[in-house]
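Q: sequence-free structure coming up:
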């Protein structure tokens, strides 16, 4: 499933169980040194679509501060568009979005269409998700559960993005009940040509098996990161063994979720960051990428400097000592896995 990264530095391991022990690569902000590109961590395929393992999450684009709340402060439109264009310039070709990513005046999908559409780059893969519902005010409603409601959400994403098909659609789930009817509805849209590939989000291993019995699944999007859901190690590894990408969300924010990283950083992450001349956020991104070649990072930001740093995290090579230290932190019983 993997392809060889383009840089001449050591290639990330193809093992889903043993992260690479490579020399560190310190991201640089020097004006004379070319910026690190999203290809530095290698590639993975979502079905027949090849993406760089460092992508971009659009949740934070429409607003400043906390995302997915009714009274969010809209981000400057030109700033958001500039960030998207810079992401593509840095080699990002996997963007994660959703029609419910919006604030007053701003929609992530509309920003993506304005910044990158007309036409979109040939290699750009846009993944969106359906299931959650927000009304025009931004208030949350019940999840879409019928075929008609899910088709309506797919069509809404198509209109907003200005496309005739969606590259990847993730069915986001709340709860542990059967997803067969909902995933089956999306499988029908895939057969009709409106959707190219399917994924699932916020799901259990049992729900993944249920979905795979209906149609191919190219990715799983679940909350995961240092200290977040260590009990899912076998699940993460199993996805790789099945050729399925694992796409962690809130890998930086952790328990801060859509509000961002708010808790004081741990001494372990700070120590590794200092050793690599990197930020704690970069170390958190790098750690997730070291958990297997099938892990794809989708850190989001509306800040150009943070964007460049997030992309550069794909070039950081953690040592065995780094991974042992961070692994111990990850497995601490007190970790917040809610």
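A: Done, it's in. Only a predicted model underlies this, so the values are computations on that prediction, with no experimental measurement involved.
Q: so what's residue 117 up against?
A: By CB atoms under 8 Å, 6 or more residues apart in numbering, the contact list for residue 117 reads 161, 162, 163. C-betas here are computed from N, CA, C, even on glycine.
Q: Got the phi and psi for residue 58?
A: phi -90, psi 0 (degrees, to the nearest 10).
Q: Residue 100 is in contact with that one, correct?
A: No - contact criterion CB atoms under 8 Å: residue 58 and residue 100 do not qualify, at 11.2 Å.
Q: More neighbours: which of those two?
A: residue 58 (28 against 23; other CB atoms under 10 Å).
Q: measure the more buried one to residue 250 for me?
A: 14 Å (CB to CB, to the nearest Å).
Q: where do the helices sit along this protein?
A: 77-89, 108-116, 147-161, 180-191, 205-212, 233-241, 267-276, 280-289, 304-312, 320-330 (DSSP state H).
Q: Nearest to residue 220, out of those?
A: helix 233-241 (5.4 Å; CB to CB).
Q: got the buried residues for that closest one?
A: 235, 236, 237, 238, 239, 240 (16 or more other CB atoms under 10 Å).
Q: Now for the residue nearest to the spatial centre of the chain: which residues touch it?
A: In the chain, the C-alpha nearest the mean C-alpha coordinate belongs to residue 298, at 2.9 Å (CA atoms, centre = their mean). By CB under 8 Å, 6+ apart, residue 298 lies in contact with 55, 56, 57, 94, 96, 247, 248, 249.
Q: let's see it at 10 Å
A: Applying CB atoms under 10 Å, 6 or more residues apart in numbering to residue 298 gives the contacts 53-59, 92, 94-97, 127, 221, 247-249, 251, 285, 310.
Q: contacting residues for residue 284?
A: Contacts of residue 284 (CB under 10 Å, 6+ apart): 225-228, 248, 251-254, 261, 265, 269, 272-273, 278, 297, 299, 313, 326.
Q: cool, and residue 247?
A: Counted by CB under 10 Å, 6+ apart, residue 247 has contacts 44, 46, 53, 55, 57, 94, 96, 127, 168, 170, 199, 201, 218-222, 224, 239, 288, 294-298.
Q: Residue 313 - how many residues pack around it?
A: Applying other CB under 10 Å, we find 28 residues neighbouring residue 313.
Q: What score does it have for pLDDT?
A: For residue 313, the model assigns a pLDDT of 97.
Q: Likewise for residue 251?
A: The score at residue 251 is 84. That number is its pLDDT.
Q: Would you check that it makes contact with residue 236?
A: No - contact status for residue 251 versus residue 236: not in contact, 12.0 Å apart, counting by CB atoms under 10 Å.
Q: shared neighbours, these two?
A: 224, 288, 295.
Q: between the residues you listed, which is closest to residue 320?
A: Taking these together and measuring to residue 320 by CB to CB, the closest member is residue 288, at 17.1 Å.
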